[in-house]
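Asker: sequence first, predicted coordinates after that:
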There are 2 protein chains.
Amino acid sequence: MAQVIQLDDLDRAILKLLKEDARLTIAEISSRLNKPESTVHFRIKKLQEKGVIEKYTIILGDPLKPKHLALVVLEVERPIIEDFLERYVEYITKTLSMLPNVLLVAKSGDDKIVALVGDESKEKLTEFIEDNIKTIPTLRNAIVLPLSEFKKGNDIAGFLAEV
Amino acid sequence: MAQVIQLDDLDRAILKLLKEDARLTIAEISSRLNKPESTVHFRIKKLQEKGVIEKYTIILGDPLKPKHLALVVLEVERPIIEDFLERYVEYITKTLSMLPNVLLVAKSGDDKIVALVGDESKEKLTEFIEDNIKTIPTLRNAIVLPLSEFKKGNDIAGFLAEV
């Protein structure tokens, strides 16, 4: 899996163009990079085969993406019977990932869970967190970090938003 | 911008297919959904025009995406002259967003910054955070939350990874 893959400037230039617009045709890429179409075609084929390009997808725009995002760091109650901790964490991550406004869920360490949640207004987002997240049993603590002004990675809301 | 857009089942079905594979042709979508090509073509055109589809892009695979991710919550020192706080925050977000392994940077409240960082191994990730993030001046505190086992939003590393 973690094979070392050598990418040259042309590979990177192609990847950059496709990141910006994955609908570009071979002909367009070839003309922008001033390389023969056959070369571009071959490179893209290789990039796909090697798994450098994993998937082609769309980013959803304003009408569908949540306008307000918050990161929630959840700390799970440590049960008296230590073995239960894993089950608690499993239960909470599962519950969270099924909720509609939850865009991302990941475990952190053995007793923490990080979730990215979004909604159309600050009020709705707060309400969602209060009603649906903070009420989850076996939760010890939930720190809410409302996100504003992205400097990098701004597109994640449109990428993670569900249809 | 925040106009209410009515999407019907067909729109949503098209969007779901394109999220899974943005290279599907009109013909393929039309045959999968059992709708005329002209209808599918028209719907996609409308979805683009209305900004429901914002962009077509690629997700990078294993060879280019960081294997280990951590969320870093930075708390900025509150200066004696309160007005400087904004400048500190601005300085740190800018510094962070220029660093190669930083995938996402967002402000939270008036004195916090959240960053998602990634690297190929846990050791390199820790080293990067220690050497490049924790050393930033005017920082009061940095909480590192290593992320493991994504339950949702797993693709963000490949989406945010830079070429």
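Answerer: Noted; the coordinates are in hand. Numbering: from 1, shown residues only, chains lettered A, B, ... in the order given.
Asker: same for the longest strand along chain A, what does it pack against?
Answerer: Across chain A, the longest stretch assigned as strand under DSSP state E is strand A:139-152. Strand A:139-152 sits against strand A:68-76, helix A:122-128, helix B:84-98, strand B:102-108, strand B:112-119, with contacts defined as 3 or more C-beta pairs under 8 Å, 6 or more residues apart in numbering or on different chains; DSSP states H and E. The C-beta positions use only the backbone N, C-alpha and C, and glycine is treated the same way.
Asker: B:Lys45 is nearest to which of the ones you listed?
Answerer: strand A:68-76 (29.5 Å; C-beta to C-beta).
Asker: what helices or strands is that closest one leaning on?
Answerer: Taking 3+ C-beta pairs under 8 Å, 6+ apart as contact, the helices and strands that strand A:68-76 lies on are helix A:84-98, strand A:112-119, helix A:122-128, strand A:139-152.
Asker: tell me the buried residues in it?
Answerer: Under the neighbour-count criterion of 16 or more other C-beta atoms under 10 Å in any protein chain shown, strand A:68-76 has A:His68, A:Leu69, A:Ala70, A:Leu71, A:Val72, A:Val73, A:Leu74, A:Val76 buried.
Asker: pLDDT weak spots in chain A?
Answerer: Scanning chain A for pLDDT under 70 picks out A:1-4.
Asker: got the contact list for the residue of it most remote from its centre?
Answerer: In chain A, the residue that sits farthest from the middle, by C-alpha atoms, centre = their mean, is A:Pro36; the gap is 34.9 Å. By C-beta atoms under 8 Å, 6 or more residues apart in numbering or on different chains, A:Pro36 lies in contact with A:Ser30.
Asker: distance of it from chain B?
Answerer: 21 Å (C-beta to the nearest C-beta, to the nearest Å).
Asker: dihedrals phi and psi, that residue?
Answerer: phi -60, psi 150 (degrees, to the nearest 10).
Asker: now the helix or strand harbouring A:Phe42: how far from the chain's centre is it?
Answerer: Per DSSP states H and E: A:Phe42 is located in helix A:37-49. Here the centre of helix A:37-49 is set off from its chain's centre by 27 Å, with C-alpha atoms, centre = their mean, to the nearest Å.
Asker: give me the neighbour count for A:Glu86.
Answerer: Neighbour count of A:Glu86, defined by other C-beta atoms under 10 Å in any protein chain shown: 14.
Asker: can you give me the domain assignment for chain A?
Answerer: A:9-49, A:68-160 (automatic domain parsing).
Asker: first residue to last residue on the last one, what's the distance there?
Answerer: In terms of C-alpha to C-alpha, to the nearest Å, the two terminal residues of domain A:68-160 are separated by 13 Å.
Asker: equivalent analysis for the shortest one, please.
Answerer: In domain A:9-49, first residue to last residue: 18 Å (C-alpha to C-alpha).
Asker: just give me the neighbour total for the closest residue to A:Ile5 other than its chain neighbours.
Answerer: Nearest residue to A:Ile5 in three dimensions, chain neighbours excluded: B:Pro63, at 4.1 Å (C-beta to C-beta, 6 or more residues apart in numbering or on different chains). The number of residues packed near B:Pro63 is 18, by other C-beta under 10 Å.
Asker: so A:Leu85 touches A:Ile113, yeah?
Answerer: No. Counting by C-beta atoms under 8 Å, A:Leu85 does not reach A:Ile113; the two are 11.8 Å apart.
Asker: sweet, I'm off.
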